[in-house]
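> one predicted model, sequence on top.
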Amino acid sequence: MTHPKKKILVVVPFAMSAANLALRQAQLQGIDLSPELVFEFRTVKAGPVNYSSHHDFVLADTANFEAGCKAQDEGFAAVCIDTMSDSGVAALRSVLDIPVFGPGKVSMLTALMLGDKFSVLTMANRWKPLYKKALDELGLHHKCASVRSIEMATDNQALLSGKEEDVFPLLEKAAYEAIEQDGAEVLILGSTTMHQAHVWLSKRLPVPVINPGPLSYKMAEAALGLGLSQSRQAYPRPMHPRLEMLQDMMMAAQQSVDRH
């Protein structure tokens, strides 16, 4: 008997071309996922240009929330958010019964199943507020050995393509500093935009390296297999939903961006 495939929506937090979206979709390569799952990657209509300030975080929450707020009605079985900021996750959990995962907190909690302390490898110090927010909410600052940055220009569209020879060795150097100087026992890539470095680093480092995007996909797969979803006690439904208003706002934002 053939079972119907389950669709998982992956919300990509930036508007982008089909070619750049394919670089995000490449996160599915190299991991074993159930053939009963189908992943659909969807970009937001409009949002921040970068995730480098609290201004950006507010826009990102709104953009990601809108992109996935009707996922259950559209027949999706789960939603994943493609950013370590977990932007929009809490809001989506409040309106969806299907499981919703972001890679940020999932990566940190998984790291603590593999070791006692972890470090985050990141491209830029300006991303540190993303990790601080998650650590604050989880109460895990004492488990984070360090956040090591290589201070390289970031590109949320082309990712690390064409920069491998420059970026990968710097990430390896930062990783060894985190291990040898900071005491990290597990490493987390600080952005889903860094996924192209995962295989290269994993072969060269003596500790586990967590690739956050694919981890969130596996968490969604596990939740579906176990019949688990977020607690309604933790994420109560809104008393007066305004999802149509939200969608109108984002449509207007998209038109504004297109004009400029």
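All right, it came through fine.
> in terms of helix, strand or coil, where does the residue sitting nearest the centre point of the chain fall?
Most central in the chain under C-alpha atoms, centre = their mean is T83, positioned 2.9 Å from the mean C-alpha point. Under the three-state scheme (DSSP: H, G, I helix; E, B strand; the rest coil), the conformation of T83 reads as coil.
> got the contact list for it?
13, 51, 60, 64, 102-104, 191-192 (C-beta atoms under 8 Å, 6 or more residues apart in numbering). To be clear about C-beta, it is placed using only N, CA and C from the backbone, and glycine gets the same treatment.
> shaky segments in this protein?
Scanning the chain for pLDDT under 70 picks out the ranges 1-2, 153-164, 260.
> which stretches of it form strands?
6-12, 37-43, 76-81, 100-101, 118-122, 144-149, 186-189, 209-210 (DSSP state E).
> turn those into a markdown table, including distance to K173.
What follows is those, written out as a markdown table (distance: least, C-beta to C-beta, whole Å):
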| stretch | distance to K173 |
| --- | --- |
| strand 6-12 | 30 |
| strand 37-43 | 32 |
| strand 76-81 | 30 |
| strand 100-101 | 31 |
| strand 118-122 | 10 |
| strand 144-149 | 9 |
| strand 186-189 | 13 |
| strand 209-210 | 14 |
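> okay, the ones you listed in CSV with mean neighbour count next?
Formatted as CSV, the strands of the chain follow (neighbours: other C-beta atoms under 10 Å):
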stretch, mean neighbour count
strand 6-12, 23
strand 37-43, 16
strand 76-81, 25
strand 100-101, 28
strand 118-122, 27
strand 144-149, 20
strand 186-189, 26
strand 209-210, 21
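> quick one: closest of those strands to A220.
Closest to A220 of these, according to C-beta to C-beta: strand 76-81, at 4.1 Å.
> could you give the angle of the closest one to strand 6-12?
Strand 76-81 and strand 6-12 meet at an angle of 20 degrees, taking axes from the mean of the first three to the mean of the last three C-alpha atoms, to 10 degrees as the criterion.
> show me what strand 76-81 pairs with in its sheet, parallel or antiparallel.
Partner strands for strand 76-81, per DSSP bridges, with pairing direction: strand 6-12 (parallel), strand 100-101 (parallel).
> in CSV: those strands, plus distance to R237.
Shown next, in CSV, are the strands paired with strand 76-81 (distance: least, C-beta to C-beta, whole Å):
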stretch, distance to R237
strand 6-12, 20
strand 100-101, 14
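> nearest to M123, of those?
Across these, M123 has its closest neighbour in strand 6-12 (17.8 Å, C-beta to C-beta).
> which residues touch the nearest residue to N50 once chain neighbours are set aside?
Among residues not flanking N50 along the chain, D56 sits closest, at 6.2 Å (C-beta to C-beta, 6 or more residues apart in numbering). Contacts here follow C-beta under 8 Å, 6+ apart; on that basis D56 touches 48-50.
> in stretch 199-208, what's buried?
For stretch 199-208, burial by neighbour count (16 or more other C-beta atoms under 10 Å) applies to 200-201, 205, 207-208.
> ok, so of these, who is nearest I8?
Using C-beta to C-beta, P208 comes nearest to I8 of these, at 24.2 Å.
> which residue ranges of the stretch 51-200 of the chain form helices?
Secondary structure of the stretch 51-200 of the chain by DSSP state H, counting those that start in this stretch: the helices cover 54-68, 89-95, 103-114, 128-138, 164-180, 198-202.
> how does this protein divide into domains?
According to automatic domain parsing, the chain is divided into the following domains: 6-103+215-259, 104-212.
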